[in-house]
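In: Test case, fold it:
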Amino acid sequence: MRRERTRVTLGFTVDALVRAGRGGGALRMGLSRIPAEAWLLPEFDRAARLEGLGLPGAVQSLPGSVAAQAEVAALVGIRGDLRAAAGATWEDLCVLERDGQGRFVLTAGAVAFPTDWRLADKIGLPVAAIHAPIHGYAEQLSAGVDHFLDTLTPGAVFGRANWFVVASDALRYLPEDDAAERFAHVIADTAGETLFVRCERQTLRKLPQTGAVLFTIGIAVARLDAVEPATLARVAAGIAAQPAGEQGRKAAPFYASALADYAARRSNDRLEAA
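Out: Alright, predicted model coming up:
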């Protein structure tokens, strides 16, 4: 299978990441080649980072992952394990290594800012099982992801973007309440202030010594009324175009109408002001 690459530059802001991410329709990897110097966010809130990593369950590993963890740390310019490496980056770090069946499994993770998933539920699982909750992953994307991991070579860095609409700007997004209750306050008049676009800037690169694959996740969040008009339009259209299963998983039925109305009003306001 041919490796899919977008022609969009993968930036670090919400507006740039929404442009690079999937707008709707069938699942795709949507990979971009990233220069090594643009791999990780250079400046970030170190206090927030260390606070998140210090929470229970934020860092977990399997016994056989020590060498890969040390290689990751060396890659980001420090000595130590994955916790130390993740403290030196804004991005969450996940290590994938082959198991006895040749599958890539999650052997270590330092995840301070998860998006509706818990590291404890994923550690030790193969890639396909990690992504099982995503509707359509097995049919549309699993084989392509496996092929990409199998053929990835050291030195190259690839990236992609995901985005979500959420009801909070918290860096750790682990809602436990009912979705109807979570979005009950969202109406078209207040959607710009009460909805947020949450982006994941994901990268993958193979480690030359251990052969592990490092998967990074960098979070960017912006309130809906702070994004560019084109970003808002893309978000509204993307939510409307998602399959029903994915809309349900992302709680879209509870905010999609308010989001669409808000986007239409903002577009009309721009046209009238032009």
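
In: buried ones in stretch 167-178?
Out: Across stretch 167-178, burial judged by 16 or more other Cβ atoms under 10 Å covers Ala167, Leu171, Arg172, Tyr173. Yep, even glycine has a C-beta here, placed from its N, CA and C like the rest.

In: Which strand or helix spans the most centrally placed residue in the chain?
Out: Nearest to the mean C-alpha position of the chain, by Cα atoms, centre = their mean, lies Glu200 at 2.9 Å. Using DSSP states H and E, Glu200 sits within strand 196-206.

In: Ala222 now?
Out: Assigned by DSSP H and E, Ala222 falls in strand 213-223.

In: before we move on, the earlier item: by contact count, what packs against the strand holding Glu200?
Out: helix 14-20, strand 158-166, strand 213-223 (3 or more Cβ pairs under 8 Å, 6 or more residues apart in numbering; DSSP states H and E).

In: closest one to Pro133 among those?
Out: Using Cβ to Cβ as the measure, strand 158-166 is the one of the helices and strands packed on strand 196-206 that comes nearest Pro133, at 13.4 Å.

In: how far is the helix or strand hosting Arg270 from where the chain is centred?
Out: Element membership for Arg270 (DSSP H and E) is helix 256-273. Chain-centre distance of helix 256-273: 27 Å, with Cα atoms, centre = their mean, to the nearest Å.

In: Let's have the buried residues of stretch 167-178 in a markdown table, adding pLDDT, secondary structure and distance to Asp146.
Out: What follows is the buried residues of stretch 167-178, written out as a markdown table (pLDDT from 0 to 100; DSSP: H, G, I helix; E, B strand; the rest coil; distance: Cβ to Cβ, whole Å):
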| residue | pLDDT | secondary structure | distance to Asp146 |
| --- | --- | --- | --- |
| Ala167 | 95 | coil | 34 |
| Leu171 | 97 | coil | 31 |
| Arg172 | 97 | coil | 30 |
| Tyr173 | 96 | strand | 28 |
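
In: Pairing partners for the closest residue to Phe164 other than its chain neighbours in the sheet, please.
Out: Nearest residue to Phe164, sequence neighbours excluded (Cβ to Cβ, 6 or more residues apart in numbering): Arg198, at 4.7 Å. Per DSSP bridges, the residues bridged to Arg198 are Phe164, Val221.

In: Give me the secondary structure label for Val105.
Out: Secondary structure for Val105, judged by DSSP: H, G, I helix; E, B strand; the rest coil, is strand.

In: surely it meets Glu97?
Out: Yes. Val105 is in contact with Glu97 according to Cβ atoms under 8 Å; the separation is 6.5 Å.

In: just to revisit the earlier point, would you mind listing the buried residues in the helix holding Arg270?
Out: So, applying 16+ other Cβ under 10 Å, buried residues of helix 256-273: Ala256, Ala258, Leu259, Ala260, Tyr262, Ala263, Arg266.

In: Over to stretch 156-164?
Out: Val157, Phe158, Gly159, Arg160, Ala161, Asn162, Trp163, Phe164.

In: Can you name the residues that contact the closest residue to Arg201 other than its chain neighbours?
Out: Among residues not flanking Arg201 along the chain, Gly218 sits closest, at 4.1 Å (Cβ to Cβ, 6+ apart). By Cβ atoms under 8 Å, 6 or more residues apart in numbering, the residues touching Gly218 are Phe12, Leu40, Leu41, Trp90, Glu91, Asp92, Glu200, Arg201, Gln202, Thr203.

In: next one: Ile187
Out: So, once contact is read as Cβ under 8 Å, 6+ apart, Ile187 ends up touching Ala258.

In: and it, backbone torsions?
Out: phi -130, psi 170 (degrees, to the nearest 10).

In: Tell me how far it lies from Ala258.
Out: Separation of Ile187 from Ala258 (Cβ to Cβ, to the nearest Å): 5 Å.

In: same check, this time on Val213
Out: 39 Å.

In: roughly how far out does the helix or strand harbouring Ala74 sit from the chain middle?
Out: Using DSSP H and E, the element containing Ala74 is helix 66-75. Computed by Cα atoms, centre = their mean, the chain-centroid distance of helix 66-75 equals 22 Å.

In: Cool, thanks, talk later.
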